[in-house]
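Engineer: Sequence and predicted structure, then a few things I'm wondering about:
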Amino acid sequence: MSASPGSPQALVRVFTQRFSCTRRGARLARQLVLVELHDWGIPDRTGLSEDAGLLVAELAANAVTHGRVPGRDFELRVSLLPGALRIEVSDARRDRRPVVRPHEYQAEAGYGMRIVDAVAADWGVRDRLIGKTVWAELRA
């Protein structure tokens, strides 16, 4: 991306990486995002970095659990925009769309998108040629 110095696009930073569609890949995605955010000047243990780590963990876990197709990776893209941090996780299953489930007493699973909905300023899903992308934004 090219942008002239001082233009709003000059502030944009992007991190994109593919990960194996495994629990290990999901953990690595979260760890690498925190390192990248630190390099961008967003220190560890700040509200923004902790919320971003939580969103990446939940979205990557959903990609691994619900979006897995054997032999396909998931992709993570994090963009630091003027005023927002956007997290996008893409997987190969268009048919399994995330939903916010109602609270179930003593449920052991099903909280991922409730967490995303509570933490993110906004989130959604868009189709890709193969699969889907689930995105969430935090105010920066």
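Structural biologist: That came through, no problem. Bear in mind that the values here come from a model prediction, so they are computed numbers and not experimental data.

Engineer: all strands for the chain, in order.
Structural biologist: Applying DSSP state E to the chain gives strands spanning 13-19, 74-81, 84-91, 122-127, 132-139.

Engineer: Most tightly packed of those strands?
Structural biologist: Most buried of the strands of the chain, by mean neighbour count (mean count of other Cβ atoms under 10 Å): strand 84-91, with a mean of 22. All C-beta spots, glycine's among them, are computed from the backbone N, C-alpha and C.

Engineer: check contacts around the closest residue in space to residue 84 that isn't next to it in sequence.
Structural biologist: Excluding its sequence neighbours, the residue lying closest to residue 84 (Cβ to Cβ, 6 or more residues apart in numbering) is residue 137, at 5.0 Å. Contact partners of residue 137, counting by Cβ atoms under 8 Å, 6 or more residues apart in numbering, are 84-87, 120-123.

Engineer: picking up where we left off before, quick one: the strands of the chain as a markdown table, columns for mean pLDDT and distance to residue 29 too.
Structural biologist: Shown next, in a markdown table, are the strands of the chain (pLDDT from 0 to 100; distance: least, Cβ to Cβ, whole Å):
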| stretch | mean pLDDT | distance to residue 29 |
| --- | --- | --- |
| strand 13-19 | 97 | 5 |
| strand 74-81 | 97 | 5 |
| strand 84-91 | 98 | 8 |
| strand 122-127 | 97 | 17 |
| strand 132-139 | 98 | 13 |
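
Engineer: Many thanks, have a good one.
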